[in-house]
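>>> structure for the following, please:
(one chain, ligands or ions: 2)
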Amino acid sequence: MNEYVLGVDLGTSAVKVSAMNRDGEIVAQQSYDYPLIQSRPGYSEQNPEDWVSGTTVAIVRLILNDHIKPAEIAGISFSGQMHGLVLLDENNQVLRPAILWNDTRTTKQCEEITAKLGDEFIDITKNKPLEGFTLPKMLWVKENEPSIWAKAKTFLLPKDYVRYRMTGQLGMDYSDATGTVLLDVKAGQWSQAICDAFDIPMSMCPPLMRSIDSAGKISDSYAIFSGLDTHTEVFGGAADNAAGAVGAGILSPNMVLSSIGTSGVVLKYEEDPTVDYHGVLQFEDHAIPDSYYSMGVTLAAGYSLNWFKRTFAQDESFNDMVASAGKSTVGANGLLYTPYIVGERAPYADADIRGSFTGVDGTHQKSDFVRAVLEGIIFSFRDIMDIYDEHNGDFDTVVAIGGGAKSELWLQIQADIFNKKVVSLTNEQGPGMGAAMMAAVGLGWFKDFQECAEKFVHFGKAYLPNPENAKKYEQLHKIYAQVYEQTKGISEQLLDYRRAND
Ligand SMILES: Nc1ncnc2c1ncn2[C@@H]1O[C@H](COP(=O)(O)OP(=O)(O)O)[C@@H](O)[C@H]1O
Ligand SMILES: O=C(CO)[C@@H](O)[C@H](O)COP(=O)(O)O
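Ligands and ions are numbered 1, 2, ... in the order given. The predicted model follows:
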């Protein structure tokens, strides 16, 4: 009998479910899109029911269209978009749409957290309170929707809600729990001090589990709903970036991950939990037991490109639009783009900054604009690489994943801007692969992630930096790095104008 694991990658734009065999081969894959609700500037929400139905449709299609037999699915695990707040009442019913990682309405609550706990907050959580994280979202609901808050009995993150609907068991894994900024990272427990400071009952925090721990089996009701079998074991899973790192084989400190999804992430495996990035980078528990990772997040990476296409290139295919950047030059003929179009997280934690094109010239063509967008996103990644260099982060290889890694041109731009070797994966499945690997390790198919990676992770083509281009990009990055400070005040004034005229 064949045996499979399912990796559920619960992203921001879609859920992708991959079925993998014991040899780490993807035997089938299905995905389902769901909408983002953006009712006001800075707001970003999703309906948790859309995640459940999307995941279920993808699983049903694996069973019906791809003929994966339910009895052959040994385990399921998850990669989840991080930080999104799902509030449940006493009957575990969803109380309001989930407030997502890219929702930036909580600047006031972040300031309150800093004013109350200052550096103690960073000591406990290893992170600064930033708009995207879960605790500020909870405080926002408490302040702005008191009747909903009064009914809230539990909070979960996106993939935890889907797991709950599959098993009937509430839980959250450590890697995602770090991203709530309610976890005492050293103690590996929910922080009593933070809950007390903000009057959050500890009972709202779900039981903690490891990514490779079993949450139970598929419940009778979900088996009827989805066609799955009740013998299938459901594992904790991880935050999408932890899962992406596992799926990309980032299992040692000499490799760095570069991920272009809706957001962009530069991530490093960390052995030393005392390394101090002063909260400029996020510091999280890894999916690999007893290890950590740090990362810097560009809020609008792939999102920048989607925005550009939607606004200026609707009639072109994605591939054609991205390929057109090849008609431009290194440095887009002197055009610079900063990707701060929904605010930024790292290295500038600033919800009010906005993006810019600088150097627009009468001779510029659309291809220059596309190139500038591709380059601007990678310049923002380079900002994070420079922080690692400052902390002697000795790494020689960058593994590129996410939808952005589909473009060879963009992979070469990454190699040239980072001035490092960039490697792609033969089957670009970063987070979904990591999720499946968690089920495979949880089931005991492999003794650890290292052994599993030998079977599941395959590096593809390597992109080496072109020295001439790297030199030009070095110069351009220095110019790019000035744009944030120069446009900060202007962005604030324009946002005030928008708010006043909304
Ligand atoms: N052919 C392509 N070339 C380069 N980038 C692409 C291509 N297709 C999609 N993308 C980028 O990949 C992003 C989606 O990546 P994905 O990893 O699927 O995101 P998420 O998990 O956030 O939904 C899109 O925002 C888009 O900008
Ligand atoms: O907020 C973060 C990480 O802190 C994001 O990385 C989200 O986890 C969403 O990821 P994608 O949908 O872009 O993969």
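>>> buried ones in the biggest helix by length in the chain, by neighbour count?
Longest helix in the chain, counting residues (DSSP state H): helix 467-500. Of all the residues in helix 467-500, those buried under the rule 16 or more other Cβ atoms under 10 Å are 469-470, 473, 476-477, 480-481, 483-484, 487-488, 491, 495. Glycine gets a C-beta too; all of them are placed from N, C-alpha and C.
>>> what ranges does the stretch 201-350 of the chain have for its helices?
For the stretch 201-350 of the chain, applying DSSP state H, counting those that start in this stretch gives helices covering 220-226, 240-247, 302-312, 318-324.
>>> what pLDDT, on average, does the third one get?
Per-region confidence: helix 302-312 scores 97 on mean pLDDT.
>>> does ligand 2 have contacts with that helix?
No. Counting by Cβ under 6 Å from any ligand atom, ligand 2 has no neighbours in helix 302-312; the shortest distance is 6.9 Å.
>>> closest one to residue 165 among the helices of the stretch 201-350 of the chain?
helix 220-226 (6.4 Å; Cβ to Cβ).
>>> what are the buried residues along the closest one?
Under 16+ other Cβ under 10 Å, the buried positions of helix 220-226 are 222-223, 225-226.
>>> restrict the residues you listed to those near ligand 2?
Counting by Cβ under 6 Å from any ligand atom, no member of these reaches ligand 2.
>>> possible to save the helices of the stretch 201-350 of the chain as JSON lines with distance to residue 364?
Converted to JSON lines, the helices of the stretch 201-350 of the chain look like this (distance: least, Cβ to Cβ, whole Å):
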{"stretch": "helix 220-226", "distance to residue 364": "51"}
{"stretch": "helix 240-247", "distance to residue 364": "34"}
{"stretch": "helix 302-312", "distance to residue 364": "12"}
{"stretch": "helix 318-324", "distance to residue 364": "13"}
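>>> looking at those, which one is packed in the most?
Across the helices of the stretch 201-350 of the chain, averaging neighbours per residue (mean count of other Cβ atoms under 10 Å) puts helix 240-247 on top, at a mean of 33.
>>> which strands or helices does it pack on?
Using 3 or more Cβ pairs under 8 Å, 6 or more residues apart in numbering; DSSP states H and E, the elements in contact with helix 240-247 are strand 4-10, strand 73-80, strand 255-260, strand 264-270, strand 282-285, strand 292-298, helix 430-442, helix 449-456.
>>> what residues does the stretch 51-200 of the chain have near ligand 2?
Residues of the stretch 51-200 of the chain lying close to ligand 2 by Cβ under 6 Å from any ligand atom are 81-83, 101, 132, 179.
>>> which one of the residues you listed is nearest ligand 1?
residue 81 (7.2 Å; Cβ to the nearest ligand atom).
>>> which residues does the closest one contact?
Contact analysis of residue 81 by Cβ atoms under 8 Å, 6 or more residues apart in numbering lists 10-12, 100-101, 158-159, 240.
>>> returning to that earlier point: nearest to ligand 2 among the buried residues of helix 220-226?
residue 226 (23.3 Å).
>>> and the pLDDT at that closest one?
On the pLDDT scale, residue 226 gets 96.
>>> any idea how far residue 131 is from it?
35 Å (Cβ to Cβ, to the nearest Å).
>>> list the contacts for the residue lying closest to residue 347 once chain neighbours are set aside?
Closest residue in space to residue 347, ignoring its immediate chain neighbours: residue 383 at 4.9 Å, by Cβ to Cβ, 6 or more residues apart in numbering. Counting by Cβ under 8 Å, 6+ apart, residue 383 touches 296, 346-347, 481.
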